[in-house]
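J.: give me coordinates for this.
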Amino acid sequence: MWGGLKCGRSNSGIRMTSDLPTGLDYEERDGIGIWKIDSLAEALESGALEEGEQHFREHAGQPDMNGCVVQIDDAETGGSDTLEHVAEEWTALGEETGIDRTAYVTEGLARMAIAQKNDAEGHTAKGFTDLEEGLAWAKEA
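T.: Residues are numbered from 1 along each chain as shown. The predicted structure is shown next:
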């Protein structure tokens, strides 16, 4: 976490904010939004994921943002309810915001399962294990 820090655009092109619940964080690098989730199942169960999704709507829907990254430290889904939520809500988010690409960064096969659940029209989702690789791919949008 960024210790409650909120920053504007810096010379490095990084903007950080932590107006999100515990377990979620956001930063922006060179016009790419990066949402970080500590535990997908815990965020869904606690209601924090809903706040994160609203934050995504507000930021990813900006005209100058075409790509984003969702980094999940613990992608253990907690069962079919979590994947069903991802399929419904994250597809809707992709369609509402008009974002072109989303890179899902996490360990194991979960990255592919999550990426395949996003069926937003005109949107491409791909799974990665490395944040920098996912970020580079998202920048190509």
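J.: let me see the ranges of the helices in this protein.
T.: 40-46, 48-60, 80-85, 91-97, 110-117, 131-139 (DSSP state H).
J.: using a markdown table, lay out these together with distance to Gly67 and mean pLDDT.
T.: From N, CA and C alone the C-beta is placed, and that goes for glycine too. Below are the helices of the chain laid out as a markdown table (distance: least, CB to CB, whole Å; pLDDT from 0 to 100):
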| stretch | distance to Gly67 | mean pLDDT |
| --- | --- | --- |
| helix 40-46 | 21 | 92 |
| helix 48-60 | 9 | 94 |
| helix 80-85 | 22 | 84 |
| helix 91-97 | 11 | 92 |
| helix 110-117 | 14 | 83 |
| helix 131-139 | 3 | 96 |
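J.: of all those, which one is nearest Ile34?
T.: Of all the helices of the chain, it is helix 131-139 that lies closest to Ile34, at 7.1 Å by CB to CB.
J.: which positions within that closest one qualify as buried?
T.: Neighbour counts using 16 or more other CB atoms under 10 Å place 134-135, 137-139 of helix 131-139 among the buried residues.
J.: how many neighbours does Asp30 have?
T.: Here the number of neighbours of Asp30 (other CB atoms under 10 Å) works out to 12.
J.: is the residue positioned nearest the centre of the chain in a bridge, and if so with what?
T.: What sits nearest the mean C-alpha location of the chain, by CA atoms, centre = their mean, is Val70, with 2.6 Å. Assessed by DSSP bridges, Val70 has beta-bridge partners Trp35, Tyr104.
J.: that one and Val105 touch, don't they?
T.: Yes - in this structure, Val70 is within contact of Val105 by CB atoms under 8 Å, at 7.1 Å.
J.: could you report the distance from Trp90 to Leu83?
T.: To Leu83, Trp90 is 10 Å away according to CB to CB, to the nearest Å.
J.: shared neighbours, these two?
T.: Shared contacts of Trp90 and Leu83, defined by CB atoms under 8 Å, 6 or more residues apart in numbering, are found at 114, 117.
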